[in-house]
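Q: Here is my input, please return the structure:
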Amino acid sequence: MRRRSSGLSFYREKKKINIGLLKEIAVWAAEIALTIAAAVIMVFFFGFRVTVIGPSMSPTLNGGEKVLVNRFVYKLFEPRQNDLIVFQPNGNEKSHYYVKRVIALPGDTVQIKDGEVYVNGELFTEQIEVEAIENAMMAENEILVGEDEYFVLGDNRNNSEDSRYASIGNVKKEHITGEAWMVIFPWDRISLLK
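A: Modelled structure (predicted):
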């Protein structure tokens with residue numbers, strides 16, 4: 001007896017499972033899960049964003065630029081000279097965040113003489129080009145940086161409210177939010193910070 005080639009048939013073929021397609025779907029699902037996990041980790045550790053206020057860090061950072069802050073690094077390591085730290089002065093949570101450069105570490109002495117910064121009696125080695133400081137303020141006399149404190153200056157030394165001012169003073173480690181890590185806005189300035 002011959003089977004008909006068209007029409008109703010009660011003999012269905014079993015569909016074959018496409019193993020290649022299943023593998024591809026599994027790879028896509030794993031990639032999506034890893035991307036989501038990486039995004040959560042990035043937001044938790046690095047996702048804190050601050051906006052730079054004013055010209056005190058010019059030319060490194062300009063007012064209005066948005067910066068990602070690495071909140072994790074100072075849980076493992078201590079701030080170092082020339083790090084760009086983000087903090088609230090005296091832990092004042094109502095204040096905006098400041099971004100400044102670490103000049104002196106705990107136990108160091110700092111003095112500004114003839115427009116130059118001296119740390120432990122030696123001329124501080126700048127990683128950036130800065131102008132001579134016109135007003136030493138509190139740093140006219142030698143300042144001892146206390147335990148768990150840091151002396152900070154803005155890169156625009158003559159237009160920066162920093163550790164030379166009594167309202168800021170030395171920054172306590174507990175008031176440091178993290179290290180300024182990367183400029184994320186405006187788009188033409190996206191870069192890692194040094």
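Q: How far away from the center of its chain is the lengthiest helix in the chain?
A: Longest helix in the chain by number of residues (criterion: DSSP state H): helix 19-45. Relative to the chain's own centre, helix 19-45 is displaced by 26 Å; criterion: C-alpha atoms, centre = their mean, to the nearest Å.
Q: Tell me if I'm right that residue 110 and residue 118 touch.
A: Yes - at 7.1 Å, residue 110 and residue 118 qualify as touching, with contact defined as C-beta atoms under 8 Å. Glycine gets a C-beta too; all of them are placed from N, C-alpha and C.
Q: quick one: pLDDT of residue 17?
A: pLDDT, residue 17: 76.
Q: tell me the SS of it?
A: Secondary structure, DSSP: H, G, I helix; E, B strand; the rest coil: residue 17 is coil.
Q: if I look at it, how far off is residue 40?
A: Residue 17 sits 34 Å away from residue 40, going by C-beta to C-beta, to the nearest Å.
Q: The two: which is more packed in?
A: Neighbour tally, residue 17 and residue 40, criterion other C-beta atoms under 10 Å: the higher count belongs to residue 40, 11 against 8.
Q: What score does the more buried one have for pLDDT?
A: 77.
Q: Does the lengthiest strand in the chain pack against any helices or strands, and if so which?
A: Ranked by residue count and defined by DSSP state E, the top strand of the chain is strand 176-185. The helices and strands touching strand 176-185, judged by 3 or more C-beta pairs under 8 Å, 6 or more residues apart in numbering; DSSP states H and E, are strand 48-51, strand 66-70, helix 73-76, strand 84-87, strand 191-192.
Q: now, of these, which is deepest in the fold?
A: strand 84-87 (a mean of 23; mean count of other C-beta atoms under 10 Å).
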